[in-house]
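>>> predicted model, plus sequence, below.
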Amino acid sequence: MSKPYAELMPIYPLLAQQFLDDYGVYQGRCLDIGTGHGYLGIEIAKITELEMYFLDINPEALKIAEANAREAELANPAYFLPVNVEEMPFADNTADLIVSRGSLWFWENQAKGLEEIYRVLKPGGVAVVGGGLGRYIPETMRKRLLAGRKKWLAERGEKRPGEKELHSLLEQAGISSYRLVADVPGEAGRWIEIKKT
Ligand SMILES: C[S@@+](CC[C@H](N)C(=O)[O-])C[C@H]1O[C@@H](n2cnc3c(N)ncnc32)[C@H](O)[C@@H]1O
């Protein structure tokens, strides 16, 4: 398994549990957007009866996600679709839970992607989009992973959007029913939680 996935593996079941504890969506349709190798969606599937849609713009990543899901012997219906978040092949108001971790920064038109997420989200449903390690990981592990992450981003001259940029993206997307959520209270929110009423 390649870096950074190897060191991130413990976060996926914890993040899945956190999202289920927070949102309580166990049935219906779940989209994991920018699923990569499928780890978050697979962990969500294991503890729910959700019908899972693993979506990624990169068909090669999806092949790995599919192999990983097969190995996990999921009982859930699962679909693996090469999809650009900016143009999703789903009808309006059809997803109960949408998760997307570590993908937003790579979308060409981020506001359009968020608009699409809002369009396909069911009233009463919830979408959680952004990045981070979640609230449930031990503090020692958070510190270690964040230090490595900071170095990795600095080496590449990359930076992730702050709260101001996220608010501006949501405004561009015309979404007002959202909040920014931080992994650790007092830190900048890196997750966008969207609820459609
Ligand atoms: C850093 S990986 C994160 C993978 C996974 N969500 C995780 O947390 O392990 C980002 C993923 O987003 C996908 N991606 C980038 N742009 C996308 C787009 N416009 N629509 C859908 N997926 C996209 C990439 O192909 C990549 O697999």
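Arrived safely.
>>> need the pLDDT of the residue nearest to Val126 when sequence neighbours are not counted.
Nearest non-adjacent residue to Val126, counting by Cβ to Cβ, 6 or more residues apart in numbering: Tyr23, 4.8 Å away. (C-beta placed from N, C-alpha, C; glycine too.) Tyr23 carries a pLDDT score of 98 in this model.
>>> then Met1?
Each residue has a pLDDT score; the one for Met1 is 51.
>>> so which helix or strand takes in the most centrally placed residue in the chain?
Nearest to the geometric centre of the chain sits Ser100, at 1.7 Å (Cα atoms, centre = their mean). For Ser100, the host element (DSSP states H and E) is strand 95-101.
>>> number of residues surrounding the nearest residue to Val83 once chain neighbours are set aside?
Spatial nearest neighbour of Val83, excluding adjacent residues (Cβ to Cβ, 6+ apart): Leu55 at 4.3 Å. Neighbour count of Leu55, defined by other Cβ atoms under 10 Å: 26.
>>> name all residues that make contact with Leu55.
Leu31, Asp32, Ile33, Gly34, Thr35, Leu81, Pro82, Val83, Val85, Met88 (Cβ atoms under 8 Å, 6 or more residues apart in numbering).
>>> out of those residues, which are buried?
Leu31, Asp32, Ile33, Gly34, Thr35, Val83, Val85, Met88 (16 or more other Cβ atoms under 10 Å).
>>> what about the ligand: which of these touch it?
Ile33, Gly34, Thr35, Val85 (Cβ under 6 Å from any ligand atom).
>>> farthest-apart pair in these, please.
Largest separation among these by Cβ to Cβ: Thr35 and Val85, giving 10.9 Å.
>>> what does this structure put close to the ligand?
33-36, 39-40, 56-58, 61, 84-86, 101-103, 106-107.
>>> 8 Å instead?
Residues of the chain lying near the ligand by Cβ under 8 Å from any ligand atom: 5, 8, 12, 32-40, 55-58, 61, 83-86, 100-103, 106-108, 113, 131.
>>> buried set for stretch 133-141?
In stretch 133-141, counting by 16+ other Cβ under 10 Å, buried: Leu133, Gly134, Arg135, Tyr136, Ile137.
>>> looking at the residue sitting furthest away from the middle of the chain now. What's its pLDDT?
For the chain, the largest distance from the centre (Cα atoms, centre = their mean) belongs to Glu155, which lies 24.3 Å off. Confidence at Glu155, expressed as pLDDT, is 91.
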